[in-house]
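Peer 1: sequence first, then the predicted structure:
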Amino acid sequence: MAVPIEKARWVDFHCHLDLYPNHEQLIAECDKARIATLAVTTTPKAWARNKQFAEKASLVRVALGLHPQLVAERESEIALFERLLPETRYVGEVGLDAGPRFYKSFEAQERVFERVLRACAEHGDKILTIHSVRSVTKVLQHLDKNLQQGRGKVVMHWFTGTASEARRAVDLGCYFSINSEMLRSSRTRSLLGQLPVERLLTETDGPFVQVDGVAVHPKSVADTVDQLATLYGLNSGDMAAQILCNLSVLVKH
Ligand code: MN
């Protein structure tokens, strides 16, 4: 049974639990370690199984997604996404990817992303975790046009944009979920130091993020909290509390 997010000690706001071989075991691990975990999905076809697995969990929530890197083959699944949307408050992974491998499908990605945002705006009160590789400005333009503040809330996942794009995202009300891989880049570290601390969350993006060839687990967000604490000149306990506070503000209706 789901319990209020305030019972959590840690936050992993973007993890692909269903892409680990031990999906169910990881859900139990998140509950045991009291990690509020957003299990993102990459296709609406994965929704039913994820929902079923997470039904007994207390701190795992499932997001309905259609990953931009899959849009080339799966654009037609947007119809299923729209049908399932009333079943969840959480949406992701969605967004745009203009990297060299996915640029070919960029127009289709924009069509899908626009429909995702319009559907979310129509329902209201959704929380989205958004991918924006090499396309932050485009993502923000779509948000500005199709999901105005008050119609939904946005978390920029693995943000790699510029300082001015970050400021624009802050102005649009966005949060930022930070993972350990992002903190390895000194450019990103200096950018993150400029973000308002009340807009920060932690994520793993596991199993895509690996350490020494092993996929990170949600519990590794504790290390990310330590690093963010150093970056912001706080102690780790205060940073952990800040991130939980940010989560509770984010999920408040
Ligand atoms: Mn991801």
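Peer 2: Happy to help now that I have it.

Peer 1: all contacts plus neighbour counts: C-alpha atoms, from now on.
Peer 2: Noted.

Peer 1: the residue nearest to His23 when sequence neighbours are not counted: neighbouring residues, count only.
Peer 2: In space, His23 comes closest to Leu17 once its chain neighbours are excluded; the distance is 5.6 Å by Cα to Cα, 6 or more residues apart in numbering. Under the neighbour criterion other Cα atoms under 10 Å, Leu17 is assigned a count of 26.

Peer 1: let's have the chain start at 71 instead
Peer 2: Sure thing, new numbering starts at 71, so read that last one as Leu87.

Peer 1: surely Leu87 and Ala116 touch.
Peer 2: No. Using Cα atoms under 8 Å, Leu87 is not in contact with Ala116, being 11.3 Å away.

Peer 1: going along the chain, name the helices of the protein.
Peer 2: 93-102, 117-124, 141-144, 148-154, 176-193, 206-216, 233-241, 256-262, 291-302, 306-321 (DSSP state H).

Peer 1: helices or strands up against the longest one?
Peer 2: With contacts defined as 3 or more Cα pairs under 8 Å, 6 or more residues apart in numbering; DSSP states H and E, the secondary structure elements packing on helix 176-193 are helix 141-144, helix 148-154, strand 160-167, helix 206-216.

Peer 1: possible to save the ones you listed as JSON lines with mean pLDDT?
Peer 2: Below are those laid out as JSON lines (pLDDT from 0 to 100):
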{"stretch": "helix 141-144", "mean pLDDT": "98"}
{"stretch": "helix 148-154", "mean pLDDT": "98"}
{"stretch": "strand 160-167", "mean pLDDT": "98"}
{"stretch": "helix 206-216", "mean pLDDT": "98"}
